[in-house]
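> Build the 3D model from these lines:
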Amino acid sequence: VYLYWFAFPALLPRSGRAVRYASTGASKRPAQMPLTKEWGKDSVKELNRGYRRLRVESMRSYEGNNCTNKPGGCPPFFVIVRDTSTCDESSGSSSIRCLSLSKSTYDKLSKEEKKRVTFGFLDPIGATAVNADEYASVVDVDVVSYRPALLQRLSSSDVELSENPSSDAIDEQEDGSLLLRIALPSKADYDWLLGGSSPDSTTAASPRQPLYRTTGYEPNVRGRPGPRTVNLSPLLSPQHLSAQASDLNLRLMKWRAVPDLNLDRLGSLRVLLLGAGTLGCSVARTLQGWGVRVGKMKAAAAAESLRRIAGEENMKSRGVALTIPMPGHPFGTDKAEEVARNDTAILSDLIKECDVVFLLTDTRESRWLPTVMARAEGKMLINAALGLDSWLVMRHGGDRAGGSGSGGTAANDSCRLGCYFCNDVVAPENSTNNRTLDQQCTVTRPGLAPIASSMAVELMVSLLHHPLGHAAPAPRSIGSGEGARRYRPTVSEDDADNTETTVSPLGLMPHQIRGSIVSYTMMTPTVPAFAHCTGCSNAIVQSYKSRGFEFVKEVCNSLDGAHLENVSGLTESRRQAEKMMEEAMEDWGDDDF
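Here you go, the predicted model:
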């Protein structure tokens, strides 16, 4: 923040001692009178001719200096010199010269001429002449003011003509000039300590320092004398410059490459980041690059760092410290159960308030409850996970209109994509059990987190621009061999006639992206939702909706995951699979092996 005080400072004379009309005194001459009455009509005509010559000389000087924009108007200020020695006794007129106003012009005048100098300036006030575009006024240092009625604009051809034009047009003008008698303030008029006393006697009696006052200073925002402030932090702040560069990149992208890019939607997006470690911080930084300015993170320190990087005015983020209840992790005590109940309620509220959930936690079982809640609330969920040298980014399938996650029937779930747990035939358990602290930490190559986080954010942005959002179909390969590398969006029978449901301005939207930096390859498999999934199946979601924390409590207290497997139907599904296997084995003879 900088302080400044803009001003054109000038000394301020005492009250009543500024430039003013002069007193008439013993002569009883008025302080204001027509110029023709004081100088005579013929002298005023000579003044008009002299001013025309000044205009011609001014235009010639511009032409001589190779100026392309020659003025066609009048010099705003000028000097008038009356030569009384050439006065015409019969008419009373005198020779009058108009000169440019400058110190060099004044220095070239003789002593006698300096005594007869009059100051002139253009003034349209009071002029009524038709077709007049500029006027003049003259102020005599002693007592004078002047306004000719008509001044015609000069062209280049006029400059080439005689400097002494015909006087017919000038003679016909009705001049409205005035002669003003003014008094200028003296040096003593600026001394505010003199008051009403005589300047001469006061200054001689006391050799003191005079008191001067100034004016011309700009008032502050409250209209009082004082400096103003200007905040230059937006121009100097690295946070503001970073946000400005990001916004410019997005605007150029929309203008030049992706006209359908919805920047308003991205700017108002509310994002929940579950996990503020390596992946969470990378995702937050990439979200900022896409213009996302509203976020909630599971760690206060991460939210504070994000505001510091992006700037308080550019980022609205807050951190929430909570523990996610996990399957196979029993509470143990009543106090721990109460904490888990409160954390479950907080997590539920966070997911309800946000538009997108990023699941970026370390352990497998910590992803279970957010998965259930996100489907129950119909929220987009992007899952990202890291290994030592591989990474996974996937989107959990969303419900189409009327899907069971929204209270519909299972028949409407046929086109839904799978979640993080849909490939499993066992329920999530305590993965940290019997592991040392160093074994519980995720060990990954440094380059994986930026890759995975960027893929996760880009996948989210693509889904936001699809008409179906996170319920958009995944692409499927066509043909075989080389042709299998080309994809097209999957079109269901209901959407066969509506191609817009399969279009995203930013390209394909795979279900999963699995990459490895050992072979530097990526795969984009598509997995449908598993009917007996322990994370997103209809039975699990309905149990959570109907029983809430009590269902979560039973899942967490089940050490072997049996409760989840029973509720989801996974236990029965395995039993039927084993029975079918036994029947098949009985039909095979020894000769078949």
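
> Now the terminal residues of stretch 178-185, how far apart.
End-to-end span of stretch 178-185 (Cα to Cα, to the nearest Å): 22 Å.

> typo on my end, stretch 324-336
Stretch 324-336 end-to-end distance (Cα to Cα) = 12 Å.

> what is the mean pLDDT for that stretch?
Average pLDDT, stretch 324-336: 94.

> ok, and what's touching that stretch?
With Cβ atoms under 8 Å, 6 or more residues apart in numbering as the test, stretch 324-336 has contacts from 274, 337, 340, 343-344, 347, 361, 363, 365-366, 368-370, 427-430, 433, 552-553, 555-561, 564. Yep, even glycine has a C-beta here, placed from its N, CA and C like the rest.

> next one: it to chain centre, how far?
From the chain centre to the centre of stretch 324-336 is a distance of 46 Å (Cα atoms, centre = their mean, to the nearest Å).

> That stretch: which residues count as buried?
324-331 (16 or more other Cβ atoms under 10 Å).

> what do you get for stretch 334-352?
For stretch 334-352, by 16+ other Cβ under 10 Å, it's 337, 340-341, 343-344, 347-348, 350-351.

> which intervals of the protein have sub-threshold pLDDT?
23-29, 62-73, 84-94, 123-174, 195-207, 294-303, 305-315, 401-414, 477-503, 589-593 (pLDDT under 70).

> among the contacts of stretch 324-336, which are in strands?
Secondary structure from DSSP state E places residue 274 of the contacts of stretch 324-336 in strands.

> Any of the contacts of stretch 324-336 buried? List them.
Buried among the contacts of stretch 324-336 by 16+ other Cβ under 10 Å: 274, 337, 340, 343-344, 347, 361, 363, 365-366, 368-370, 427-430, 552-553, 555-556, 558, 561, 564.

> could you pull out the helices for the stretch 251-400 of the chain?
263-267, 278-289, 300-310, 334-353, 368-377 (DSSP state H, counting those that start in this stretch).

> Adding distance to residue 574, write these out as TSV.
Shown next, in TSV, are these (distance: least, Cβ to Cβ, whole Å):
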stretch	distance to residue 574
helix 263-267	44
helix 278-289	33
helix 300-310	41
helix 334-353	29
helix 368-377	19
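
> between these, which gets nearest to residue 531?
Closest to residue 531 of the helices of the stretch 251-400 of the chain is helix 368-377 (Cβ to Cβ; 14.0 Å).

> Can you name every helix or strand that the closest one contacts?
helix 334-353, strand 356-359, strand 380-386, helix 538-547 (3 or more Cβ pairs under 8 Å, 6 or more residues apart in numbering; DSSP states H and E).

> If we use 10 Å, what do you get?
Applying 3 or more Cβ pairs under 10 Å, 6 or more residues apart in numbering; DSSP states H and E, we find helix 368-377 packed against strand 270-274, helix 334-353, strand 356-359, strand 380-386, helix 538-547, helix 549-557.

> I'd like these as CSV, with distance to residue 457 appended.
What follows is these, written out as CSV (distance: least, Cβ to Cβ, whole Å):
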stretch, distance to residue 457
strand 270-274, 9
helix 334-353, 19
strand 356-359, 8
strand 380-386, 8
helix 538-547, 27
helix 549-557, 29
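
> need the helices for the stretch 101-250 of the chain, in chain order.
Using DSSP H, counting those that start in this stretch, helices in the stretch 101-250 of the chain cover 103-107, 111-115, 156-160, 168-171, 199-205, 233-236, 238-256.

> quick revisit: which among the buried residues of stretch 324-336 gets closest to residue 580?
Lowest distance from residue 580 to the buried residues of stretch 324-336 (Cβ to Cβ) belongs to residue 327, with 28.0 Å.

> how much space between that closest one and residue 214?
Relative to residue 214, residue 327 is positioned 79 Å away (Cβ to Cβ, to the nearest Å).

> The helices and strands packed on helix 368-377: which one's closest to residue 588?
Using Cβ to Cβ, the helices and strands packed on helix 368-377 put helix 538-547 closest to residue 588, at 34.4 Å.

> Which elements pack onto the closest one?
Looks like helix 538-547 contacts helix 368-377, helix 549-557, helix 562-568 (3+ Cβ pairs under 10 Å, 6+ apart).

> Can you spell out which helices and strands pack onto the last one?
Which is helix 562-568. Using 3+ Cβ pairs under 10 Å, 6+ apart, the elements in contact with helix 562-568 are helix 538-547, helix 549-557, helix 570-587.

> Report the buried residues of the first one.
In this case it means helix 538-547. For helix 538-547, the neighbour count (16+ other Cβ under 10 Å) marks 538-544 as buried.

> likewise the last one?
Using 16+ other Cβ under 10 Å as the test for burial, helix 570-587 gives 570-571.

> the inter-axis angle of that helix versus helix 538-547?
On the basis of axes from the mean of the first three to the mean of the last three Cα atoms, to 10 degrees, helix 570-587 is oriented at 160 degrees to helix 538-547.

> Same check on the second one?
On the basis of the same axes, to 10 degrees, helix 549-557 is oriented at 130 degrees to helix 538-547.

> quick one: contacts of helix 549-557?
Under the contact criterion Cβ atoms under 10 Å, 6 or more residues apart in numbering, helix 549-557 has outside partners 325-332, 337, 340-345, 348, 365, 368-369, 372-373, 427-428, 430, 534, 540, 542-545, 547, 561, 563-564, 567.

> if we can go back for a sec, so can I have TSV of the buried residues of stretch 334-352 showing distance to residue 95?
Shown next, in TSV, are the buried residues of stretch 334-352 (distance: Cβ to Cβ, whole Å):
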residue	distance to residue 95
337	112
340	107
341	107
343	102
344	104
347	99
348	99
350	93
351	96
